[in-house]
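# Sharing a model that was predicted from the sequence below.
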Amino acid sequence: EDQVTQSPEALRLQEGESSSLNCSYTVSGLRGLFWYRQDPGKGPEFLFTLYSAGEEKEKERLKATLTKKESFLHITAPKPEDSATYLCAAYNNAGNMLTFGGGTRLMVKP
Amino acid sequence: DGGITQSPKYLFRKEGQNVTLSCEQNLNHDAMYWYRQDPGQGLRLIYYSQIVNDFQKGDIAEGYSVSREKKESFPLTVTSAQKNPTAFYLCASSNLRGGGNQPQHFGDGTRLSIL
């Protein structure tokens, strides 16, 4: 059975304090690893797709990386507006269903 | 602007009542999905459809029904058989090129509560 596990469940940072969010996956033949941002009361907003180990993607203060067992979302010098829940999800080799992790709730204090 | 529209934003269900959640997309995506999100939990797949007039059960389909009569529309009915319907419901769509490894894009959800 495919599994995606995110840690930590919650993370509190001071503004400017860099950190990383972890996404561990056990998926039959990974075909894509996705990161989303979700604000309260809203749907997830797509951030990144990673397809193979060693791949990296960047957007503003966020950088996503992928290994054969896990993905990291690195947040550099976060701002309060980066506060949200970050979701990780993976497609297996059947490619028709996404498996989601439980999310990491990030809170950045000014 | 292209996107996914879910309505209503809030919905209340009485005991024994069926309710239908609307999902429309103008992204010309082939595939559409319904997820349920409970507090502190990840998204769980209810149903998905990759082509008009065809759909498949996800992990938690019991108590729900769907239809796909048009490419743009994928309504979800929460039936009276669903005993714990209170949740945040999310609709998504995706392009199927590349064999199904494209990101899913989401609407802003419908929050369903019991009266």
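Noted; the coordinates are in hand.

# drop to CA atoms for contacts and neighbour counts, all remaining ones
Will do.

# what's next to the lowest-mean-pLDDT helix or strand in chain A, contact-wise?
Least confident helix or strand, chain A: strand A:98-100 with a mean of 92, by mean pLDDT, DSSP states H and E. With Cα atoms under 8 Å, 6 or more residues apart in numbering or on different chains as the contact definition, strand A:98-100 has outside contacts at A:2-4, A:87-92, B:42-44.

# Do a quick rundown of the strands in chain A.
Counting by DSSP state E, chain A has strands at residues A:3-7, A:10-14, A:19-26, A:32-38, A:45-50, A:56-59, A:62-66, A:70-75, A:84-91, A:98-100, A:104-109.

# Packed most tightly, which of these would that be?
strand A:84-91 (a mean of 25; mean count of other Cα atoms under 10 Å in any protein chain shown).

# pLDDT score for B:Gly98?
Turning to B:Gly98, the model gives it a pLDDT of 68.

# I should have written A:Asn96 there, sorry.
pLDDT, A:Asn96: 69.

# quick one on the thing from earlier: among the contacts of strand A:98-100, pick out the one closest to B:Thr5, please.
B:Leu43 (18.4 Å; Cα to Cα).

# The closest one and B:Tyr33 touch, don't they?
No. Look at B:Leu43 against B:Tyr33 with Cα atoms under 8 Å: they stay out of range, at 11.3 Å.

# More neighbours: these two, which one.
B:Tyr33 (26 against 22; other Cα atoms under 10 Å in any protein chain shown).

# nearest to B:Gln37, of the strands of chain A?
Closest approach to B:Gln37 among the strands of chain A (Cα to Cα): strand A:98-100, 10.7 Å.

# The nearest residue to A:Thr65 once chain neighbours are set aside: what's it in contact with?
Distance criterion Cα to Cα, 6 or more residues apart in numbering or on different chains; nearest residue to A:Thr65, sequence neighbours excluded, is A:Glu56 at 4.6 Å. With contact set as Cα under 8 Å, 6+ apart, A:Glu56 has these partners: A:50, A:63-66.

# which residues of the chain score low on pLDDT?
Looking at chain A here, since you left the chain open. Applying pLDDT under 70 to chain A flags residues A:95-96.

# Please refer instead to chain B.
B:1, B:98-100.

# re the thing from before, need the strands of chain A in TSV (columns: distance to B:Ala81).
Formatted as TSV, the strands of chain A follow (distance: least, Cα to Cα, whole Å):
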stretch	distance to B:Ala81
strand A:3-7	28
strand A:10-14	35
strand A:19-26	33
strand A:32-38	30
strand A:45-50	32
strand A:56-59	44
strand A:62-66	42
strand A:70-75	39
strand A:84-91	29
strand A:98-100	25
strand A:104-109	32
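
# which parts of chain B sit against chain A?
When proximity is defined by Cα under 8 Å from any Cα of the partner chain, chain B lies next to chain A at B:40-44, B:90, B:99-109.

# Please convert the buried members of the residues you listed into ChimeraX selection syntax.
Selecting only the buried entries of the residues of chain B next to chain A in ChimeraX, with 16 or more other Cα atoms under 10 Å in any protein chain shown as the criterion:
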select /B:42,43,44,90,100,101,102,103,104,105,106,107,108,109
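
# Just the residues of chain B next to chain A: which are in strands?
Going by DSSP E, the strands hold B:43-44, B:90, B:105-106 from the residues of chain B next to chain A.

# can you put those in TSV and add distance to A:Tyr36?
Converted to TSV, those look like this (distance: Cα to Cα, whole Å):
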residue	distance to A:Tyr36
B:Leu43	12
B:Arg44	15
B:Leu90	14
B:His105	10
B:Phe106	10
